[in-house]
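Asker: for reference, the sequence and a predicted model appear below.
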Amino acid sequence: YDFFAGDKNFHNFNNRKAHIGHRFSHDFGNGFSVEQNLRYGQYSDDWKTLVVWYAGEGSELIRKARRFEDSSRDLLVDNRLRWQGNIGSVKHDALFGLDYADRRADLKAWLGNAPSIDWRSPVYGVSVEEPPLTTDETTKIKQTGVYVQDQIQWGNWHFLAGGRYDRVRRNYRDDLYGKSQLQSDGKFTWRTGVLYAFSNGLSPYMSYSTSFLPEAGAATDGSMLKPTTARQWEAGLKYQPNPSFSANAALFDIEQKNLTVYTPLTYEKTQRGKVRTRGAEIEIQGDITPAWGISGNYTYLDKKVREDSDASAVGTTSWGVPKHSFSLWTDYRFSGVLSGVSAGLGLRHIGKTWGDNANTFRVPAYTLWDMKLAYKPGEHWRALKGTQVQLNVQNLTNKEYVASCANDNACFYGKGRVVTLSAGYRW
């Protein structure tokens with residue numbers, strides 16, 4: 001990993017995130033309450049780089065200059081009426097809700113020629129012309145959903161039943177070519193599940209659900225992306241011997257239609273006719289002792305295209321999807337003089353993935369270490385109760401690893417060491 005295919009004169013990445021919101025609830029008594037969750041967020045990515053487009057003669061690599069400005073904002077409001085009560089010997093936890101989402105996504109892209117580079121004797125600091133604008137699009141999505149759900153307990157039996165109807169209005173505008181499209185969609189989705197809780201903490205369960213997800217943007221042919229629909233079966237076993245520890249194991253089968261995928265080299269979007277994902281997951285979380293906590297999970301995924309108008313895509317897996325991944329985290333909460341101090345250490349492993357949607361080459365697996373150090377001064381000073389200061393370090397060893405590739409000639413490092421210091425107050 002000692003060759004840099006880009007150039008410092010045309011290499012930059014800026015990411016900005018900002019959001020604000022509130023949670024409100026009021027208890028009317030007799031089991032009735034009302035809740036509202038509201039959030040407004042703004043997000044933006046602005047990056048430019050030189051990418052190897054293809055290999056030239058000998059050790060020459062032909063490059064392109066590309067730049068992306070990707071920004072979005074969303075307003076999400078969820079209002080719900082909740083009733084918790086009994087009808088005879090049956091317990092109910094029912095929700096009746098109305099939610100609304102107003103989203104906007106803007107994308108600008110530039111792509112042009114750039115000086116080539118010799119990977120045997122690279123020369124950096126070259127002059128790069130600003131590439132021409134190739135994409136300038138805006139998508140506005142307004143979505144309203146009405147839903148109802150009831151969680152029912154009858155003895156050791158637990159049942160879940162719910163349904164919702166979504167109405168979506170999407171407006172796509174291509175400012176580069178002066179085109180616009182308007183589309184409205186509606187879909188009813190539902191879910192159901194059953195669980196039996198044995199007295200020894202074991203609880204086998206099974207569930208089925210359907211989903212509906214509007215997509216932003218347009219496909220490579222200029223048509224608006226269709227909403228992605230899906231159905232999912234899941235069966236598993238939960239184990240909770242006490243309130244502070246739990247373990248879960250599950251098998252699942254997901255079928256998605258019109259799943260959106262994009263090409264990492266050009267960011268062009270396409271949709272697959274039908275994608276099927278079969279997998280398994282194991283998860284543990286809880287306290288081993290009153291001071292020592294642990295959490296971890298392992299996931300196995302077999303995700304393949306089953307049907308598509310492009311016959312060559314059938315049987316392939318989208319780039320960036322690992323077959324095996326796992327994580328493990330442990331933290332210790334000190335007492336006595338160090339009361340309020342906690343420290344954590346963990347690792348993340350991502351298995352090898354395909355580097356492109358055609359499955360012509362692979363990206364190697366990698367493992368990263370993370371750590372946390374937190375302090376709650378309220379444990380010693382009552383006036384500071386509710387405050388917390390926390391230091392997080394991701395990729396503790398500053399490991400160099402390949403996270404993704406544009407093609408088999410150009411790959412990108414993942415994030416190096418990231419240090420975050422945060423402070424919070426809860427009242």
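Answerer: That came through, no problem. In this text, all values refer to a predicted model and were calculated from it rather than measured experimentally.

Asker: for the rest of this, base every contact and every neighbour count on C-alpha atoms.
Answerer: OK.

Asker: tell me how many other residues crowd Ser295.
Answerer: 18 (other C-alpha atoms under 10 Å).

Asker: ignore the last one, Gly340
Answerer: The number of residues packed near Gly340 is 17, by other C-alpha under 10 Å.

Asker: state the pLDDT value of it.
Answerer: Predicted confidence (pLDDT) for Gly340: 91.

Asker: for Thr270, same thing?
Answerer: On the pLDDT scale, Thr270 gets 85.

Asker: tell me which element the nearest residue to Ser184 once chain neighbours are set aside falls in.
Answerer: The shortest distance from Ser184 to any non-neighbouring residue, by C-alpha to C-alpha, 6 or more residues apart in numbering, is to Arg169 (4.5 Å). Per DSSP states H and E: Arg169 is located in strand 157-174.

Asker: which residue is the nearest non-sequential neighbour of Lys91?
Answerer: The shortest distance from Lys91 to any non-neighbouring residue, by C-alpha to C-alpha, 6+ apart, is to Gln153 (5.0 Å).

Asker: surely the residue nearest to Ser184 meets Gln143?
Answerer: Yes: here Arg169 reaches Gln143: they are 6.5 Å apart, a contact under C-alpha atoms under 8 Å.

Asker: what does the lowest-mean-pLDDT helix or strand in the chain rub up against?
Answerer: Lowest by mean pLDDT, DSSP states H and E among the helices and strands of the chain is strand 410-413, with a mean of 80. For strand 410-413, contacts defined as C-alpha atoms under 8 Å, 6 or more residues apart in numbering pick out 5, 51-53, 400-406.

Asker: farthest pair within those residues?
Answerer: Greatest spacing in the contacts of strand 410-413, by C-alpha to C-alpha: Trp53 and Glu400 (22.9 Å).

Asker: looking at these two, which is more packed in?
Answerer: Higher neighbour count among Trp53 and Glu400: Trp53, with 19 against 16, using other C-alpha under 10 Å.

Asker: ok, the residue nearest to that one when sequence neighbours are not counted - contacts?
Answerer: With C-alpha to C-alpha, 6+ apart as the criterion, Trp53 has its nearest non-adjacent residue at 5.1 Å, and that residue is Arg63. Residues counted as contacts of Arg63 (C-alpha under 8 Å, 6+ apart) are 50-54, 113-117.

Asker: just the CA atoms of the least confident helix or strand of the chain, as PDB, please.
Answerer: Extracted in PDB, the C-alpha atoms of strand 410-413 (Å, rounded to 0.1, in the frame of the first residue of the first chain):
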ATOM      1  CA  ALA A 410      -7.600   2.200  -8.200                       C
ATOM      2  CA  CYS A 411      -8.500   1.500  -4.600                       C
ATOM      3  CA  PHE A 412      -9.000   3.800  -1.600                       C
ATOM      4  CA  TYR A 413      -7.800   3.700   2.000                       C
END
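
Asker: buried residues in the helix or strand Gln151 falls within?
Answerer: Per DSSP H and E, Gln151 falls inside strand 133-154. Of the residues in strand 133-154, 135-153 count as buried by neighbour count, 16 or more other C-alpha atoms under 10 Å.

Asker: for that strand, which helices and strands make contact with it?
Answerer: strand 90-113, strand 157-174 (3 or more C-alpha pairs under 8 Å, 6 or more residues apart in numbering; DSSP states H and E).

Asker: so what strands line up beside it?
Answerer: Sheet pairing here is set by DSSP bridges, and for strand 133-154 it gives strand 90-113 (antiparallel), strand 157-174 (antiparallel).

Asker: right, and those strands - which one's nearest Asp331?
Answerer: Comparing the strands paired with strand 133-154 under C-alpha to C-alpha, the one sitting nearest is strand 157-174, at 32.7 Å.

Asker: name the next helix or strand downstream of the closest one, please.
Answerer: Heading C-terminal from strand 157-174 (DSSP H and E), you reach strand 179-196.

Asker: how about that following strand: buried residues?
Answerer: 189-196.
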